[in-house]
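K.L.:
How does the following fold in three dimensions:
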Amino acid sequence: MTPTHNLLRSDWLSLLERLALPPLEALAKRELKKRMPVEKKYSGPSEVTYLEATGRLLSGIAPWLENRSLSESDSDESRREEKQRARINDLALAAIDAGTDPASPDLMHFASGPWGNQPLVDAAFLCHALLRAPKNLAGKLDSRVKKNLVAALLSSRSIVPGENNWLLFSAMVEAGLDLLGEKADLMRVRYAVSFHRDVYKGDGAYGDGRDFHWDYYNSFVMHPMMVDIAEHLSRGDEALAKWLPEIKKRARRYSEVLERMIAPDGSFPPIGRSLCYRGGAFQMLAMSALRRDLPETVSPAQVRSALSAVLKRTMEAPGTFDENGWPRIGLAGHQPGLGEIYISTGSLYLCSAIFLPLGLSPADPFWSEPDADWTSKKIWAGIDQPCDHSIQN
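P.N.:
Prediction:
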């Protein structure tokens, strides 16, 4: 078979740039609140949407910012990518400054207020970006910006998370503070991970709270955050170190399931809430590829091909962006009816999570191996495949 949905690395980079430049360039000029349109379904304050856009965007592009793209050949294409990466890295650092400087018109809210408790969520996504780029984001903050950022993150501790995936947002903030040299509250971290171990439903799926939900929150939040939190803090905590192999095994199985959910045309089941995060639904699959920790049944090339198909269906659908390059509510184009009351323009930037494999070198098998069809495409073409099997608790 000849795959028909593949994109080149350069195509992925073009889409990343299209997504990232409007908010980052606005923040660098401290004009995000002036420039960014806010499409939303709720009537309350829009203040949370700016931290949403910043934290979510950076969490997805951080691995690319962390790793220089120059290959051994130092080709012209690699040099162009490195120039592009360096520019966006500078904009990202300026964005963090603009969002945490008390004198900035783009100052963002990290504590609760009239806008509710949402800042905890996106403080966590920003911390996830720091963990994914410890050298080129966290490590390049000057002392003034770092001080402002730490103060902002500490203020989010006043928000009490619910007994659901929000516990992991609290834990991720602690991991971010630890990375920045602050003392992490490991009780919050252990409780969050222990709670999710208690609500594990089997075969790689956690409950969101005590109940199971048909949605993609295992990929939006649970698996990616638990893996990175436990891996970062396990060196100093026996409980996390003990739980880490189990956490990784379950995440690997969930990645295997996600790969099978991508249909031959790049669509996927539109089930559950937060579908407007688009390709972010495949964050755990993208992260497994980035970590070179894919299941044995899944090759890097078939993940690249499958995720390329998802990108085409979601990011290239007519109506996805407005005339100024800002994303609009929807899954495949502009579909405002798919937006819940907590969805706004800033929320949509969680779609950046699909770009995690750009943190791999162009020479990595993910990018260098020939195109390959993914599981669903092969099966529906009549090609024989091994049976799928669950994992044991």
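K.L.:
make it CA atoms for all contacts and neighbour counts henceforth
P.N.:
Will do.
K.L.:
how about the strands in the stretch 101-250 of the chain?
P.N.:
200-202, 205-206 (DSSP state E, counting those that start in this stretch).
K.L.:
chain center to the following helix or strand past the shortest one: distance?
P.N.:
The one in question is strand 205-206. As assigned by DSSP states H and E, the chain's next helix or strand after strand 205-206 is helix 217. Its chain's C-alpha centre and that of helix 217 lie 12 Å apart, by Cα atoms, centre = their mean, to the nearest Å.
K.L.:
Same check on stretch 281-288?
P.N.:
Put simply, stretch 281-288 sits 8 Å off its chain's centre (Cα atoms, centre = their mean).
K.L.:
residues in contact with it?
P.N.:
Stretch 281-288 is contacted from outside by 216-217, 219-220, 223-224, 251-252, 254-256, 258-259, 275, 294, 303, 307, 351, 353-357, using Cα atoms under 8 Å, 6 or more residues apart in numbering.
K.L.:
In helices, which of the residues you listed appear?
P.N.:
Using DSSP state H, the subset of the contacts of stretch 281-288 located in helices is Y217, H223, P224, A251, R252, Y254, S255, E256, L258, E259, V303, L307.
K.L.:
nearest spatial neighbour of the residue positioned nearest the centre of the chain, skipping sequence neighbours?
P.N.:
In the chain, the residue lying closest to the centroid (Cα atoms, centre = their mean) is A353, at 3.2 Å. Leaving aside its sequence neighbours, A353 sits nearest to G60 (Cα to Cα, 6 or more residues apart in numbering; 4.1 Å).
K.L.:
wait, doesn't K248 sit right on D228?
P.N.:
No. Between K248 and D228 there is no contact under Cα atoms under 8 Å: 9.7 Å.
K.L.:
picking up where we left off before, confirm the residue nearest to A353 sits in a helix?
P.N.:
Yes. Counting by DSSP: H, G, I helix; E, B strand; the rest coil, G60 falls inside a helix.
K.L.:
if we can go back for a sec, buried subset of the ones in helices among the contacts of stretch 281-288?
P.N.:
For the ones in helices among the contacts of stretch 281-288, a burial check counting by 16 or more other Cα atoms under 10 Å picks out Y217, H223, P224, A251, R252, Y254, S255, E256, L258, E259, V303, L307.
K.L.:
What lies in contact with stretch 323-336?
P.N.:
Here stretch 323-336 makes contact (Cα under 8 Å, 6+ apart) with 18-19, 22, 36-37, 39, 275-278, 313-315, 317-322, 337-339, 343-345, 348-349.
K.L.:
Would you agree P63 is in contact with L358?
P.N.:
Yes. When contacts are counted by Cα under 8 Å, P63 is listed as touching L358 (6.9 Å).
K.L.:
so L130 makes contact with G176?
P.N.:
Yes. Between L130 and G176 there is a contact under Cα under 8 Å: 6.6 Å.
K.L.:
Return the set of buried residues in stretch 314-330.
P.N.:
Residues of stretch 314-330 classed as buried: T314, M315, G319, T320, F321, W326, P327, R328, I329, G330 (neighbour count, 16+ other Cα under 10 Å).
K.L.:
got TSV for those, with distance to P370 and secondary structure too?
P.N.:
TSV is the format used below for these (distance: Cα to Cα, whole Å; DSSP: H, G, I helix; E, B strand; the rest coil):
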residue	distance to P370	secondary structure
T314	23	helix
M315	23	helix
G319	32	coil
T320	29	coil
F321	31	strand
W326	33	coil
P327	32	strand
R328	34	coil
I329	34	coil
G330	32	coil
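K.L.:
those helices in the stretch 251-393 of the chain, which residues are they?
P.N.:
In the stretch 251-393 of the chain, the helices defined using DSSP state H, counting those that start in this stretch lie at 283-290, 300-315, 365-368, 375-380.
K.L.:
What is the longest one packed up against?
P.N.:
Contact analysis of helix 300-315 by 3 or more Cα pairs under 8 Å, 6 or more residues apart in numbering; DSSP states H and E lists helix 283-290, helix 365-368 as its packing neighbours.
K.L.:
Just name the most buried of those helices.
P.N.:
Among the helices and strands packed on helix 300-315, helix 283-290 has the highest mean neighbour count (mean count of other Cα atoms under 10 Å), at a mean of 27.
K.L.:
Give me the below-cutoff pLDDT ranges for the stretch 51-200 of the chain.
P.N.:
Low-confidence segments of the stretch 51-200 of the chain, defined by pLDDT under 70: 69-74.
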